[in-house]
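Q: Task: produce atomic coordinates for the following.
(chains A and B)
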Amino acid sequence: MDELSLLKKLDRVKAPPDFEQRVLAQLSLRKRKRVRARTLSLSLAGAFSTVLVLFIVISVFILPEKSPVGIADVEKEILSPAFKTEEMPRPSPTIPIIEAVDYGKEVRSLSKEPRTIYLLEQVSDEVSSTTKY
Amino acid sequence: MDEQELVRQIQQGDEMAFAEIVRIYKNRIVNFLWKITGDYQKAVELSQETFMRVYFKAHRYRPIASFSSWIYTIASNLAKTEMKKLRKFTVVSLDDVQNVIPVEASADNPGDSGLIKSLRNALNSLHPRYRIPVILKDIEGFSQEEIAEMLKRPIGTIKARISRGREYLRKELEKASSEGNTFALKEEH
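A: This is a model prediction of the structure:
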């Protein structure tokens, strides 16, 4: 008698009598868990999308636009002692004008305020110098 | 009903077809896992998990291999993971648990002879790497090609492992026979 034939003669066990019921019960439980997990992930995805859309709407349409920088403010800054240093170059005849206005928007969008007219006037003391804008 | 037809129905979520598959395979899978783990309760747990995976992963089954080899593949993988977790070979004296395990009655069963007991102990002490292929080949009746496919190993490796496993069992039986049991060993060609 060799060990191979003996292997076939080893005891065999059976599944417990309620094995099928246990398996089917576990199946129902896991199916319910999967449905819950799927619902949760869809809800989270939906919530995230909503927050993202709200953020975009608020930042584009609701938040106030930046106002243009006044020329007087720039002048004050240039003339202030903190701005002047020994290495500061001779002021050039060109006066820098900082304008933080998007002309494209100003022209295209309809504003409730009366029409804004921009007057560009020469501020240099030297009459002969060219004013660049 | 044909097994392939049952699988097709399970793939569509049919629980009746699934219950039928459980009924057909439950004893075989529990027995297989018991032989690997040596622990009946663990074998029952792993069997339940095997059938869960059969249901939820039925869409992955391709009828290239037989359905039985696919189920045994799942069961083997679960058993290997469990044995790695334990990181030891559990040698369980079956006499201690014999009363609570439903053992199949068999007319061919020669009774609990000393030789059978020695073989059982030897199988329990064999490393899972060799135990699983030996059980699949010599007890469950799969071919070496099927076992190679199930365990995702080259066929040469499977042949070597089966050979080494049998050699180990043979040596253990020789040791047992020198302690009192007498039997004749035949070389398998």
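Q: Identify the residues contacting residue 6.
A: In the absence of a named chain, chain A is used. By CB atoms under 8 Å, 6 or more residues apart in numbering or on different chains, the contact set of residue A:6 is B:115, B:116, B:119, B:173. Yep, even glycine has a C-beta here, placed from its N, CA and C like the rest.
Q: nope, chain B
A: Per CB under 8 Å, 6+ apart, neighbours of residue B:6: B:17, B:20, B:21.
Q: and chain A, which of its residues are near chain B?
A: Taking CB under 8 Å from any CB of the partner chain as the contact definition, chain A meets chain B at A:1-4, A:6-17, A:19-20, A:22-24, A:26-27, A:30.
Q: Can you list which of these are found in helices?
A: Judged by DSSP state H, the subset of those located in helices is A:3-4, A:6-8, A:19-20, A:22-24, A:26-27, A:30.
Q: Just the buried subset of those, please.
A: Buried members of these, scored by 16 or more other CB atoms under 10 Å in any protein chain shown, are A:3, A:4, A:6, A:7, A:19, A:20, A:22, A:23, A:24, A:27.
Q: now the third one: how far from residue A:79?
A: When CB to CB, to the nearest Å is the yardstick, residue A:6 and residue A:79 sit 107 Å from each other.
Q: count of residues packed around residue 46?
A: No chain in the question, so chain A it is. Residue A:46 has 10 neighbours, counted by other CB atoms under 10 Å in any protein chain shown.
Q: my bad, chain B
A: Around residue B:46 there are 23 other residues, counting by other CB under 10 Å.
Q: a helix runs through it, doesn't it?
A: Yes. Membership of residue B:46 in a helix is supported by DSSP: H, G, I helix; E, B strand; the rest coil.
Q: tell me the contacts of it?
A: Residues in contact with residue B:46 (CB under 8 Å, 6+ apart) are B:33, B:37, B:75, B:78, B:79, B:82.
Q: Which of those sits closest to residue A:50?
A: The closest of these to residue A:50 turns out to be residue B:78 (CB to CB; 41.8 Å).
Q: per-residue confidence at residue 22?
A: Reading this off chain A. Listed pLDDT for residue A:22 reads 94.
Q: that's the other chain; I wanted chain B
A: 96.
Q: So which residue is dead centre in chain B?
A: In chain B, the C-alpha nearest the mean C-alpha coordinate belongs to residue B:32, at 2.9 Å (CA atoms, centre = their mean).
Q: Give the other helices and strands that the helix or strand hosting that one contacts.
A: According to DSSP states H and E, residue B:32 maps onto helix B:15-37. If you count contacts as 3 or more CB pairs under 8 Å, 6 or more residues apart in numbering or on different chains; DSSP states H and E, helix B:15-37 packs onto helix A:19-57, helix B:3-11, helix B:40-56, helix B:67-86, helix B:128-134.
Q: relative orientation of it and helix B:67-86 in degrees?
A: Here helix B:15-37 runs at an angle of 50 degrees relative to helix B:67-86 (axes from the mean of the first three to the mean of the last three CA atoms, to 10 degrees).
Q: now chain A, which segments are flagged as low pLDDT?
A: Filtered on pLDDT under 70, chain A yields the residue ranges A:1-3, A:64-75, A:82-133.
Q: if we go to 50?
A: A:1 (pLDDT under 50).
Q: re earlier: tell me which residues touch the residue nearest to the centre of chain B, please.
A: Contact partners of residue B:32, counting by CB under 8 Å, 6+ apart, are B:72, B:75, B:135, B:139, B:140.
Q: need these in a markdown table with distance to chain A and neighbour count, can you?
A: Listed next are the contacts of residue B:32 as a markdown table, based on distance: CB to the nearest CB, whole Å; neighbours: other CB atoms under 10 Å in any protein chain shown:
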| residue | distance to chain A | neighbour count |
| --- | --- | --- |
| B:72 | 15 | 27 |
| B:75 | 13 | 27 |
| B:135 | 8 | 26 |
| B:139 | 6 | 18 |
| B:140 | 10 | 16 |
